[in-house]
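Q: coordinates for the following, if possible.
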Amino acid sequence: MDYNNLEETMRRLALAAGDVIMDIYGSDDFDVKSKSDNSPVTAADEAADALISAGLRAEFPDVMLVTEEQADSHMKTGATFLIVDPLDGTKEFINRRGDFTVNIALVEDGVPTRGVVYAPAKKRMFYTRADGQTIEETGPLHPDVVGQQNIIAVSQPDNKALYVVASKSHRDQATDDYINKYKVRDMKSAGSSLKFCLIATGEADIYPRVGRTMEWDTAAGHAVLTGAGGRVVRFDNHEELKYGKEGYANPFFIAYSPDVELKDA
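A: Residues are numbered from 1 along each chain as shown. Alright, predicted model coming up:
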């Protein structure tokens, strides 16, 4: 893999997809359909997916591509692949909350090694550089001009006063029960893969997910967090979360700064 080309391509496609998404987001109305699993999908999901998929296939024709919006790709199997969620946080998008993201990642031998998470409504962009280091790019976020790249890193948390981030749309009693095992200073709510990014920047210390997710929901955020020194492990046994699983479904997991003293499930 040409990581320099991958970095440039992921960044460019994420920004272009973000523009398409925001055009639809700013319209007076847009259609919302239901997929076979009753989850919502909009024209923004489909347009962003078409743009990203075409761009990745043009640049990396020999790399397997898995994307949320193309059900036939979910039948593919492999340990190394590109994986895309063109609009993570569709419910936030529909409800006109800004916590939705564009997610593109590379998985190698079951591990997300490179990724981009772009929140176009919030103008925040996080990605792994070719060398694997994670940065947050600030500035105008122009496709042809790279702005300031700020290296980010996870916190050195105080286990007696942790900052916890949890889902806006998927919070439940099981999550609260687990969070209550920790000494918590403050709780943050965030949608989509931004939760991984808040840990990557040190704005939060831990994100437990006791609920269903798919690999395209987490791969880019996982890569971003890893490149900032963080970890993502299974909820049940604290082993590393692996990718390329059958059906691309995840078990429950915990994303965190390694200095957090994890509690048992």
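Q: quick one: Lys188 is in a strand?
A: Yes: assessed by DSSP: H, G, I helix; E, B strand; the rest coil, Lys188 belongs to a strand.
Q: does Ser73 count as helix, strand or coil?
A: Ser73 - assigned by three-state DSSP - is helix.
Q: counting neighbours, what do you get for Asp177?
A: 10 (other Cβ atoms under 10 Å). The C-beta positions use only the backbone N, C-alpha and C, and glycine is treated the same way.
Q: and it, what helix or strand is that in?
A: In this structure, Asp177 sits in helix 173-179 according to DSSP states H and E.
Q: give me the buried positions along that helix.
A: By 16 or more other Cβ atoms under 10 Å, the buried positions in helix 173-179 come out as Thr175, Tyr178, Ile179.
Q: show me how far the helix or strand containing Asp45 is from its chain's centre.
A: For Asp45, the host element (DSSP H and E) is helix 43-59. With Cα atoms, centre = their mean, to the nearest Å as the basis, helix 43-59 stands 17 Å off its chain's centre.
Q: helices or strands next to it in the packing?
A: For helix 43-59, the packing partners by 3 or more Cβ pairs under 8 Å, 6 or more residues apart in numbering; DSSP states H and E come out as helix 3-25, strand 65-67, strand 81-88, strand 101-108.
Q: low-confidence ranges, the stretch 151-265 of the chain, go.
A: Low-confidence segments of the stretch 151-265 of the chain (pLDDT under 70): 168-170.
Q: same thing but 80
A: Across the stretch 151-265 of the chain, the ranges flagged by pLDDT under 80 are 167-171, 191.
Q: can you show me the helices along it?
A: Using DSSP state H, counting those that start in this stretch, the helices of the stretch 151-265 of the chain run over residues 173-179, 194-200, 215-226.
Q: TSV for the ones you listed, including distance to Met1?
A: Output for the helices of the stretch 151-265 of the chain, formatted as TSV (distance: least, Cβ to Cβ, whole Å):
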stretch	distance to Met1
helix 173-179	36
helix 194-200	22
helix 215-226	13
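Q: need the winner for burial among these.
A: Mean neighbours per residue, mean count of other Cβ atoms under 10 Å, is largest over these for helix 215-226, with a mean of 29.
Q: quick one on the thing from earlier: put together a markdown table for the helices and strands packed on helix 43-59, with mean neighbour count and distance to Gly211 on each row.
A: As requested, the helices and strands packed on helix 43-59 are exported to a markdown table (neighbours: other Cβ atoms under 10 Å; distance: least, Cβ to Cβ, whole Å):
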| stretch | mean neighbour count | distance to Gly211 |
| --- | --- | --- |
| helix 3-25 | 19 | 24 |
| strand 65-67 | 21 | 21 |
| strand 81-88 | 28 | 14 |
| strand 101-108 | 28 | 18 |
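Q: the ones you listed: which one's closest to Ala58?
A: helix 3-25 (8.9 Å; Cβ to Cβ).
Q: any idea of the mean pLDDT for that closest one?
A: Mean pLDDT, computed over helix 3-25, is 96.
Q: so that helix versus strand 81-88, what angle?
A: Helix 3-25 runs at 20 degrees relative to strand 81-88, counting by axes from the mean of the first three to the mean of the last three Cα atoms, to 10 degrees.
Q: the residue nearest to Lys76 when sequence neighbours are not counted: what's it in contact with?
A: Closest residue to Lys76 apart from its sequence neighbours, by Cβ to Cβ, 6 or more residues apart in numbering: Met64 at 5.7 Å. Counting by Cβ atoms under 8 Å, 6 or more residues apart in numbering, Met64 touches Lys76, Gly78, Thr80, Phe81, Leu82.
Q: roughly how far does Met64 sit from Leu56?
A: Using Cβ to Cβ, to the nearest Å, one obtains 10 Å as the distance from Met64 to Leu56.
Q: list residues touching both of these two?
A: Joint contacts of Met64 and Leu56 (Cβ under 8 Å, 6+ apart) are Leu82.
Q: Gly221 against Tyr118, yeah?
A: No: Gly221 lies out of contact with Tyr118 (Cβ atoms under 8 Å); the separation is 11.4 Å.
Q: re the thing from before, packing partners for the helix holding Asp177?
A: For helix 173-179, the elements it packs on are strand 162-167, strand 206-209, judged by 3+ Cβ pairs under 8 Å, 6+ apart.
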